[in-house]
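Asks: The following block contains a protein sequence and its predicted model.
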Amino acid sequence: MSRTISITTARGITCDVVVFGSAAASPVVAFHGLGGHLGGEPTLVALGDRHEVFAPVWPGFGASGGEDELEDMLDFALHGADIVVALGLERPHLYGHSFGGMVAAEMAALSPASYGAVGLVAPMGLWLDDHPIPDVYSMLPYDFPVHLFHDPATASVLTGGVDFEDRAAVTEFLIDNSRRLGTAGKVLFPIPNRRLAKRLYRVTNPVAVVWGASDRLMPPVYAERWGELLPQAAVTMVDEAGHMAPYEQPAAVAAALVSTFG
Amino acid sequence: MKFTWFNLMPWPYLPDDFRESSRSVWVDIPSTLFDPARANAVYHAYMDLLEYADELGFDGIGVNEHHQNGYGIMPSPNLIAAGLARRTSNAAICVIGNSIALYNPPIRVAEEFAMLDCISGGRLVAGFPVGTPMDTNFCYGQIPALTRDKYAEAHDLIMRAWASDEPFAFDGKYNQLRYVNCWPKPIQQPHPPIYIPGGGSVETWDFCLDHDYNYSYLSFAGYLHAKQLMDGYWDQVATRGKDESPYRAAFAQIICVADTDAEAERLYSEHVLYFFNRCLHVYPGFSDPPGYRTINTIKAGAFDQFRASMQKVFANLTWRQLVEDGHIIAGSPATVIDRMKDLITSLRVGHVFALFHCGNMADWKTRHSTKLFAEQVMPHLRAMWPDWDGDDRWWIRPLADRVRPEQTISEARRDPQLPRDVAAD
């Protein structure tokens, strides 16, 4: 259903890219959220029915390193652009979920002509004083399900079945978690706002904004704000989905993206 | 042996139901619990205690930096140190320390520490903590994964600023300064003794050894729990081929002295339990933001003392457990001498940061304990390291003919109207 290739960017960062779908279809580059690739990536599988989907593993999220090279938002956005170049893709669509949505939006703001449409599922990057986003960095493991999922009972996708009684497994999980969130923290901590809002005017591409109606991390008022900043965006609310909508309602999320990607 | 009388400066009026009514003593402690009018007496009482320790012959008096913290009302230890520099003239003034990644630009620390060294006549011990996640990341917004890098740059800038006799340009990642020109400079050359307080990060050991700085392990879990970590430090000292002077290391310990063991429990139990039950009530989510600890430290299993499992321990401790497990050293002078000898030899430390004031301890009790230690304990511990006698590489080098300002104002605040006991007996 998917295959994994390894690429090295011009900056010299080597990373895995998971590829879904058929080479004949128009390409999508898909940036994952704070958890990395989880649970078979059902939304990317569904997108693969219509597109060839390239899903890079972000530095700090996989086996390979490179995260020390990325220090600020410009580094992050340029790394995303470097991946597109390394893949040899011409004007691919961009897709990003959560943290990955922030990266995709920044890439589009920097170089809108380099990409086709932009699909953003619950992207980070905006901050509303009246609706502060809960602090992911001070959450304890048991806090995550209620913030991230419409149905917290499905949250086991996050930990991949780690046995929390097994000290070695817990250490491994802590290391992975520390690398993932530590890396993303360079653009998310303490407030996940690196002034993307003032650059979004540059994004003239077709845009799909997709939001879980039960997102308790970034409530749907954030979807409205994205719609205001990107007037061309098709904003879709997905029922029975939280911040992890791509894992809870993959068919609905993929359908909303495909309607913009074409 | 050198002994520094250390005051954390806890807020002594946390309510009885603090654990139940508040999520954390640190970061998001309800600020309505702070009463500025009461703080007037509290600050003066705490500074008086530090000055009292100087009178009793402690080698150093110590302060530190915490933010939004119910057990430390000292976000700027330099302000307290400035007061102490004016009212003492013997003890080292140990600021352990300034969280240098938080100062923008960190040249401010070079300047203020130089001022303190000048005012005190060369008595400053300069501490450079990386900083706790609570202070550094959650209160002051530094990015966890970049904290150590920013700290290292701040350190390099400060040391270069002290050493350089010419203005220089500094093109750092976090600080760009066209004209670095430290003014004033410290009396102690090439720089005051530098102490690196560490919680449990293995990287800190190498940093200390790279620069020959003192490693100060600050833990409230007590000396028995510190053994494993300090053994790791000394292994690293040996691996690096450094000499094993005990003065390379310091340890912080809560100490309570009374005439008898039973009297120690009667006098101090309530206040020590206040400290462990209320002051260490830190929301575990604040203790370990992803990215703060390095992968090597996670692998080493050097978990933070505020992690969730320790919270359960702190909350339910009894006096007997506190004493038996070595969280505190308490009892008669003879008992305390025995246990202090055990601490000093088992951890191999030449410096002890002694915490006599604990939680909401009354002023007179703190003085009682301090005086007994100074007069009946300390003399028996002085010569614990005869092979290293006179090794003052990690100690102050004050001016011999320094100004002694406190002699003119020594009775300045002996007004009986002032409340001396700021907490319940």
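Replies: Great, that's in hand.

Asks: wait, isn't B:V27 in contact with B:G285?
Replies: No: contact criterion Cβ atoms under 8 Å: B:V27 and B:G285 do not qualify, at 9.3 Å. (Glycine included, C-beta is placed from N, CA and C.)

Asks: and residue 117, how many neighbours?
Replies: I'll assume chain A. When neighbours are counted by other Cβ atoms under 10 Å in any protein chain shown, A:A117 registers 22.

Asks: My question was about chain B, not that one.
Replies: 27.

Asks: Kindly report the same for the one 10 residues further on.
Replies: Applying the criterion other Cβ under 10 Å, we find 29 residues in the vicinity of B:G127.

Asks: For chain A, see how far away the residue nearest to it when sequence neighbours are not counted is.
Replies: Spatial nearest neighbour of B:G127, excluding adjacent residues (Cβ to Cβ, 6 or more residues apart in numbering or on different chains): B:G97 at 2.2 Å. As defined by Cβ to the nearest Cβ, to the nearest Å, B:G97 lies at a distance of 23 Å from chain A.

Asks: sec struct for B:G97, please.
Replies: Classification of B:G97 using DSSP: H, G, I helix; E, B strand; the rest coil returns coil.

Asks: correct me, but it touches B:G131?
Replies: No: between B:G97 and B:G131 there is no contact under Cβ under 8 Å: 9.5 Å.

Asks: Output the set of residues of the stretch 201-350 of chain B in proximity to chain A.
Replies: B:283-286, B:289-293, B:295, B:298-299, B:301, B:308 (Cβ under 8 Å from any Cβ of the partner chain).

Asks: Which single residue of the stretch 201-350 of chain B ends up nearest chain A?
Replies: B:G291 (2.3 Å; Cβ to the nearest Cβ).

Asks: So what's the residue count around that residue?
Replies: B:G291 has 28 neighbours, counted by other Cβ under 10 Å.

Asks: One more: B:S21?
Replies: 11.

Asks: Now for it: which residues touch it?
Replies: Listed by Cβ atoms under 8 Å, 6 or more residues apart in numbering or on different chains, the contact set of B:S21 reads B:P15.

Asks: For it, what are phi and psi?
Replies: With angles defined as degrees, to the nearest 10, B:S21 sits at phi -90, psi -20.

Asks: same check, this time on the one 4 residues further on
Replies: Summarising the backbone geometry of B:V25 under the convention degrees, to the nearest 10, its torsions are phi -80, psi -10.

Asks: And the residue nearest to B:G127, its phi and psi?
Replies: The phi and psi values for B:G97, taken as degrees, to the nearest 10, are phi -160, psi -140.

Asks: how about it, what does it touch?
Replies: Residues in contact with B:G97 (Cβ under 8 Å, 6+ apart) are B:64-65, B:77, B:126-129, B:195, B:197.

Asks: Serialize those to JSON lines and add fields for secondary structure.
Replies: As requested, these are exported to JSON lines (three-state DSSP):
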{"residue": "B:N64", "secondary structure": "coil"}
{"residue": "B:E65", "secondary structure": "coil"}
{"residue": "B:P77", "secondary structure": "helix"}
{"residue": "B:A126", "secondary structure": "strand"}
{"residue": "B:G127", "secondary structure": "strand"}
{"residue": "B:F128", "secondary structure": "coil"}
{"residue": "B:P129", "secondary structure": "coil"}
{"residue": "B:Y195", "secondary structure": "strand"}
{"residue": "B:P197", "secondary structure": "strand"}
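
Asks: can you map out the strands along the chain?
Replies: Reading this off chain A. A:2-8, A:14-20, A:27-31, A:52-56, A:93-97, A:118-121, A:207-212, A:234-238 (DSSP state E).

Asks: oops, chain B please
Replies: Under DSSP E, chain B gives strands at B:2-6, B:60-63, B:92-95, B:124-127, B:168-171, B:176-180, B:194-198, B:214-217, B:249-257, B:328-331, B:351-355.

Asks: any chance of the ones you listed in a markdown table, plus distance to A:W226 and mean pLDDT?
Replies: Output for these, formatted as a markdown table (distance: least, Cβ to Cβ, whole Å; pLDDT from 0 to 100):
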| stretch | distance to A:W226 | mean pLDDT |
| --- | --- | --- |
| strand B:2-6 | 52 | 98 |
| strand B:60-63 | 48 | 98 |
| strand B:92-95 | 48 | 98 |
| strand B:124-127 | 46 | 98 |
| strand B:168-171 | 38 | 98 |
| strand B:176-180 | 35 | 98 |
| strand B:194-198 | 44 | 95 |
| strand B:214-217 | 49 | 96 |
| strand B:249-257 | 50 | 97 |
| strand B:328-331 | 55 | 97 |
| strand B:351-355 | 52 | 98 |
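
Asks: Let me know which of those is the nearest to B:T147.
Replies: Among the strands of chain B, strand B:194-198 comes nearest to B:T147, with 13.6 Å by Cβ to Cβ.

Asks: and the closest one, what does it pack onto?
Replies: Strand B:194-198 sits against strand B:124-127, helix B:202-211, strand B:214-217, with contacts defined as 3 or more Cβ pairs under 8 Å, 6 or more residues apart in numbering or on different chains; DSSP states H and E.

Asks: any residues touching it, and which ones?
Replies: Residues from elsewhere that reach strand B:194-198, judged by Cβ under 8 Å, 6+ apart: B:64, B:94, B:96-97, B:125-130, B:204-205, B:207-208, B:211, B:213-218, B:250, B:394.

Asks: residue contacts, the residue in chain A that chain B sits nearest to?
Replies: Here the residue of chain A nearest chain B is A:G182; by Cβ to the nearest Cβ that distance is 2.3 Å. A:G182 makes contact with A:60, A:67, B:144-145, B:290-292 under the criterion Cβ under 8 Å, 6+ apart.

Asks: Which members of those are classed as buried?
Replies: For these, a burial check counting by 16 or more other Cβ atoms under 10 Å in any protein chain shown picks out A:60, A:67, B:144-145, B:290-292.

Asks: lowest average confidence, helix or strand, in the chain?
Replies: All of this refers to chain A. Lowest by mean pLDDT, DSSP states H and E among the helices and strands of chain A is helix A:167-188, with a mean of 88.

Asks: looking at chain B here, not the other one
Replies: Per mean pLDDT, DSSP H and E, helix B:308-315 ranks last in chain B, at a mean of 68.
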